[in-house]
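> Can you look at this prediction? I've put the sequence above it.
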Amino acid sequence: MKTKSQFFFIFMACFICHQAQSQSHIRITDITLMHEMRSTPSPLNNAVVSDRNVSFMWPLSNHKSYYVENSPAWKKPKEDDTNYRIRFSKDPLLKNELFSAGSFWPFYNPDNELSPGTWYWQFGYVRGDTTEWSDLLQFEVKENPEKFTPPSYKSLIQKLPGEHPRVLVFESEWTDFIKKSKGKEEREWYVQKANEIINTELINLNEAVNTSFMDGLENEVKKKAMITRESRRIVDREEQNIDVLTRAYLLTKNRVYLDGAMKRIEEMVSWKNSPHLVGDFNQATLLSVTSLAYDSFYRMLTKKQKKMLLNEIKENGSDIFSDFANRLENHIADNHNWQMNFRIFTMAAFAVYGEIPEADLWTEYAYNLWLARFPGLNKDGAWHNGDSYFHTNIRTLVEVPYFYTKVTGYDFFRDPWYKGSAMYVIFQQPPFSKSGGNGSSHQNVTKPRGTRVAYADALARLTNNSFLSDYVDVISESEPDILKQSFGSKPGDLSWFRIHCNIPLPKGNKLAGLPLSYVFPQTGLASFMSDWKDLNRNAMFTFRSSPYGSTSHALANQNAFNTFYGGKALFYSTGHHSSFIDAHSFFSHRSTRAHNTILIDGMGQKIGTEGYGWIPRYYEGTKISYVTGDASNAYGEVISPIWKERAEKSQLSLSPENGWDKNHLLTYRRHIVKLGDAGLVFIYDELEADTLVHWNYLLHTIENPMTIEQKEHEIQVQATNEKGISNAYLFSNDELEVDMTNKFFAPALNWLKANNDGYFQPYKNHWHFEATTPMRKIYRFATIINTHDRREHGIVPERISDTEIRAGNWSITLNLSPKGKASFSIDNSIDNIRLIYDNETTIQENGITTTLKDELPELEI
């Protein structure tokens with residue numbers, strides 16, 4: 001059968017990859033490692049599960065047609081039909097002690113923890129009176145006393161309070177909550193803001209939206225983006241007003257706030273048929289304000305008001321649920337829904353459970369989907385969409401599990417994902433530092449925002465993490481009002497959480513106790529530091545090579561790095577994000593040409609999950625650290641249906657003239673070695689094509705122009721900021737052609753993002769360096785980057801011979817010639833450290849020898 005052969009292919013691919021792990025190098029040939037829609041079951045065949053209870057997930061039967069060009073409209077199963085079946089047992093024949101169930105959705109959470117041992121399972125698609133079963137799969141459950149084993153939906157729903165309010169506060173705790181809130185500064189923020197809102201006139205949406213901004217925009221896609229942004233500007237502001245009034249009422253029981261909120265809700269409901277109410281956030285906004293009002297004001301509402309609110313909740317909740325079920329759970333990361341809409345739907349479902357019959361299914365879906373897919377999309381705790389869009393998920397990451405914790409009494413923050421998330425918060429953006437430089441809009445994240453610090457504060461309390469406590473304390477000491485900066489943020493305000501939570505910040509390890517290196521292998525990120533004690537003198541180096549490719553808000557920056565000193569960028573990714581469909585954002589921000597990596601004949605990496613990299617091996621040491629990125633599969637023509645469709649609708653050509661062509665790359669491995677600390681980094685690039693090509697080595701800056709000094713086979717490029725310098729010494733086997741410009745490939749025009757006064761702030765130009773080789777099939781670059789204080793000279797590498805470079809106490813022997821295999825070795829006789837790359841990577845440090853071979857990161861979906 002066709003379906004059987006598809007399953008066989010998936011399982012054989014997994015088997016081949018598993019077998020390849022016994023070799024030093026793994027050569028991946030998959031078109032993608034991650035998929036826009038799930039194409040693999042979880043647990044995978046022969047998987048080992050030890051950190052959490054098992055959640056079963058599997059592909060939709062027609063998942064391949066979700067993003068296929070010229071296919072009929074994609075249809076999904078009804079959300080309330082038994083579309084699937086699952087069966088599992090410790091008996092490989094699936095006869096003894098067999099557990100079986102039907103499911104409306106392509107996932108299933110067992111009610112009880114699965115015991116240690118080998119389990120066998122199958123999923124099936126219901127076809128009328130028959131079930132089309134998958135091949136038999138197996139996985140092993142390991143014993144682990146720290147395993148995350150949250151309660152079942154049945155257990156949760158039995159403990160859900162029956163009275164109102166039950167979402168923002170439990171009715172049984174309401175009086176005590178008000179009493180304890182009087183000692184919290186956040187209470188005053190709500191009350192003060194509510195008093196201002198009471199004296200503010202209601203907004204008329206049709207009058208407030210500025211449609212003149214659409215004049216002159218050249219296509220319908222841009223016009224839709226503009227009206228959506230304008231609509232959200234008005235709707236989000238009014239949502240905040242209603243939200244503040246609702247919470248002020250719960251803090252005071254002052255009827256004035258209730259009446260003010262209801263007037264504004266009734267006005268907002270009247271906007272439903274306005275042509276200016278545009279965007280997928282707005283229906284969720286209506287669901288949010290009406291459901292929280294119903295729950296919070298329940299005892300004071302008239303029958304007419306309750307009926308109106310329930311009608312809105314039922315209508316909007318049903319639409320959202322219909323959109324979610326049998327789609328959202330298998331999507332790699334449906335941005336707006338993951339960020340906020342799913343949280344809003346979850347809270348609305350529990351707010352009206354027992355009031356409307358639809359909420360029975362809504363709550364079951366919401367809770368079980370959280371167990372199966374959330375809080376993160378992988379195990380390492382990092383955020384694949386990057387440093388800016390991470391902040392749009394913060395309320396979801398805290399409020400939903402905190403609600404489940406309060407209802408069930410089980411600590412949902414025991415989820416091991418949060419340990420990695422804590423490290424992501426710190427290592428991708430230390431105190432007072434610009435972000436690591438990944439994902440759309442990373443340019444705007446110049447230092448930790450109030451939302452990030454609030455998230456660190458919450459996780460510190462909830463997970464007893466003293467590193468996060470120190471992160472918060474260090475920032476708050478210089479910025480006492482940092483937490484208030486996030487007040488009113490739709491995706492990131494945790495003020496209400498802090499009124500609830502009376503757990504003190506833990507004491508213990510400080511930031512100075514952190515390692516100087518941290519790698520997130522599933523997300524494909526690495527960060528190196530030089531000094532946690534004096535952040536003003538901290539040199540930071542970040543790197544990305546990610547299985548997620550450049551889908552969603554991720555960028556086409558596989559094997560790219562960034563450098564920083566004193567929290568300011570030096571060599572750094574460039575360009576500005578306005579929208580997915582803007583020419584500059586596409587060609588000069590998302591595109592590979594914007595990043596510190598390599599082009600091949602001027603051609604860059606594919607847009608979509610197909611343009612992926614990965615981290616085959618890494619080592620986090622004390623005086624030496626190492627990471628390898630493999631972007632061998634990242635380059636070529638854009639083949640992603642969704643990105644081709646977006647480009648076509650926006651009149652953007654994905655042509656060789658714009659940076660995409662037939663792929664000629666065979667190998668692109670970039671080796672990064674931290675020598676002592678992040679102030680001194682060695683980079684070795686091994687490159688191979690199937691024909692003669694020019695290799696283009698890229699560096700960029702955003703604050704100041706670079707200075708360039710060129711010798712025969714060596715180029716020194718210097719980046720500066722107000723505190724520090726990065727000197728990049730680029731070594732090659734040939735004399736390179738060098739170019740630098742401060743012009744973007746596509747001009748940066750701000751046509752979308754106006755402030756409240758209607759002013760469109762111009763975008764700044766950045767600086768772009770390119771060193772191009774003669775035509776070669778095989779090439780090797782070596783780079784030593786020394787990042788240091790402006791007042792210091794830093795280490796200047798010395799090229800002893802064609803095969804030897806010295807940098808301070810470090811001696812590097814390497815092959816830059818296209819003849820022979822790629823290899824290098826690094827020695828530090830003073831500290832007795834040695835690293836050898838010769839197929840395998842061998843590292844000697846502290847009297848211990850570590851041998852690294854390629855290892856596939858644990859991925860699913």
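On my side now, so go ahead. Numbers count the residues shown, from 1 in each chain.
> show me what contacts residue 239?
268, 285, 288, 289, 490 (C-beta atoms under 8 Å, 6 or more residues apart in numbering). Just so you know, the C-beta spots here come from the backbone N, C-alpha and C atoms, and that holds for glycine as well.
> Apart from its chain neighbours, what residue comes closest to the first one?
The shortest distance from residue 268 to any non-neighbouring residue, by C-beta to C-beta, 6 or more residues apart in numbering, is to residue 238 (5.9 Å).
> before we move on, what SS does that neighbour have?
Following DSSP: H, G, I helix; E, B strand; the rest coil, we place residue 238 in the helix state.
> can I assume it is in contact with residue 265?
No. Residue 238 is beyond contact range of residue 265, at 9.4 Å (criterion: C-beta atoms under 8 Å).
> returning to what we had before: neighbour-wise, which one of the contacts of residue 239 leads?
residue 289 (28 neighbours; other C-beta atoms under 10 Å).
> Flag every buried residue along the helix or strand encompassing that one.
Under the criterion of DSSP states H and E, residue 289 resides in helix 280-296. Neighbour-count burial for helix 280-296 flags 281-296 (criterion: 16 or more other C-beta atoms under 10 Å).
> Neighbours of the closest residue to residue 54 other than its chain neighbours, how many?
Spatially, and ignoring its direct neighbours in sequence, residue 54 is nearest to residue 114 (5.2 Å; C-beta to C-beta, 6+ apart). By other C-beta under 10 Å, 16 other residues sit near residue 114.
> Kindly report the same for residue 107.
Residue 107 has 23 neighbours, counted by other C-beta under 10 Å.
> hang on, isn't it packed against residue 370?
No. Applying C-beta under 8 Å as the test, residue 107 and residue 370 come out as separate, 10.9 Å apart.
> neighbour-wise, which of residue 238 and residue 265 wins?
Ranked by neighbour count (other C-beta under 10 Å), residue 238 and residue 265 place residue 265 first, with 26 against 21.
> Surely the more buried one and residue 245 touch.
No. Counting by C-beta under 8 Å, residue 265 sits too far from residue 245 to count as a contact (9.5 Å).
> and the residue nearest to residue 268, how far is that from residue 853?
57 Å (C-beta to C-beta, to the nearest Å).
> follow-up on the earlier one: so what's the gap between the helix holding residue 289 and the chain middle?
Helix 280-296 sits 26 Å away from the centroid of its parent chain (C-alpha atoms, centre = their mean, to the nearest Å).
> tell me what it is packed against?
Counting contacts by 3 or more C-beta pairs under 8 Å, 6 or more residues apart in numbering; DSSP states H and E, helix 280-296 is packed against helix 220-252, helix 255-269, helix 303-324, helix 342-351.
> Would you single out the least confident of those helices?
Among the helices and strands packed on helix 280-296, helix 220-252 carries the lowest mean pLDDT, a mean of 90.
> Can you point out the buried residues in that helix?
Neighbour counts over helix 220-252 (16+ other C-beta under 10 Å) mark 221-232, 234-236, 238-252 as buried.
> next one: stretch 830-839
Using 16+ other C-beta under 10 Å as the test for burial, stretch 830-839 gives 833, 834, 835, 836, 837.
> Mind putting those into TSV with secondary structure, distance to residue 403 and pLDDT?
Listed next are the buried residues of stretch 830-839 as TSV, based on DSSP: H, G, I helix; E, B strand; the rest coil; distance: C-beta to C-beta, whole Å; pLDDT from 0 to 100:
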residue	secondary structure	distance to residue 403	pLDDT
833	strand	49	98
834	strand	52	98
835	strand	48	99
836	strand	52	99
837	strand	49	98
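> what sits against the residue nearest to residue 599 when sequence neighbours are not counted?
Excluding its sequence neighbours, the residue lying closest to residue 599 (C-beta to C-beta, 6+ apart) is residue 696, at 3.8 Å. By C-beta under 8 Å, 6+ apart, the contact set of residue 696 is 598, 599, 600, 601, 602, 770, 771, 772, 773.
> And residue 696, how far from residue 728?
In this view, residue 696 and residue 728 are 15 Å apart by C-beta to C-beta.
> How about residue 699?
Distance, residue 699 to residue 728, by C-beta to C-beta: 6 Å.
> Pick out whichever of those two has more residues nearby.
Shown here are residue 699 and residue 728; by other C-beta under 10 Å, residue 699 has more neighbours (28 against 25).
> Output the host helix or strand of the more buried one as CSV, nothing but the C-alphas.
In the assignment (DSSP H and E), residue 699 maps to strand 695-701. Output of strand 695-701 as CSV, limited to C-alpha atoms (Å, rounded to 0.1, in the frame of the first residue of the first chain):
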residue,chain,number,x,y,z
TRP,A,695,33.7,31.4,-2.7
ASN,A,696,32.5,34.6,-1.1
TYR,A,697,33.5,35.2,2.6
LEU,A,698,31.2,37.8,4.3
LEU,A,699,31.6,40.1,7.3
HIS,A,700,29.2,42.9,8.3
THR,A,701,28.9,45.7,10.8
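> re earlier: just checking, which of the contacts of residue 696 belong to strands?
598, 599, 600, 770, 771, 772 (DSSP state E).
> residues touching the second one, list them.
With contact taken as C-beta under 8 Å, 6+ apart, residue 599 is in contact with 592, 593, 659, 695, 696, 698, 770.
> where exactly do the helices run in the stretch 1-150 of the chain?
Listed in chain order, the helices of the stretch 1-150 of the chain (DSSP state H, counting those that start in this stretch) span 2-20.
> Next: the stretch 701-850 of the chain.
Using DSSP H, counting those that start in this stretch, helices in the stretch 701-850 of the chain do not occur.
> In it, where is pLDDT below threshold?
Along the stretch 701-850 of the chain, the model assigns pLDDT under 70 to no residue.
> Show the pLDDT at the nearest residue to residue 332 once chain neighbours are set aside.
Once flanking residues are discounted, residue 332 sits nearest to residue 36: 5.4 Å by C-beta to C-beta, 6+ apart. What the model reports for residue 36 is a pLDDT of 90.
> From residue 848, how far out is residue 36?
42 Å.
> same question, residue 656
49 Å.
> So for the two, which residue has more residues nearby?
residue 656 (13 against 8).
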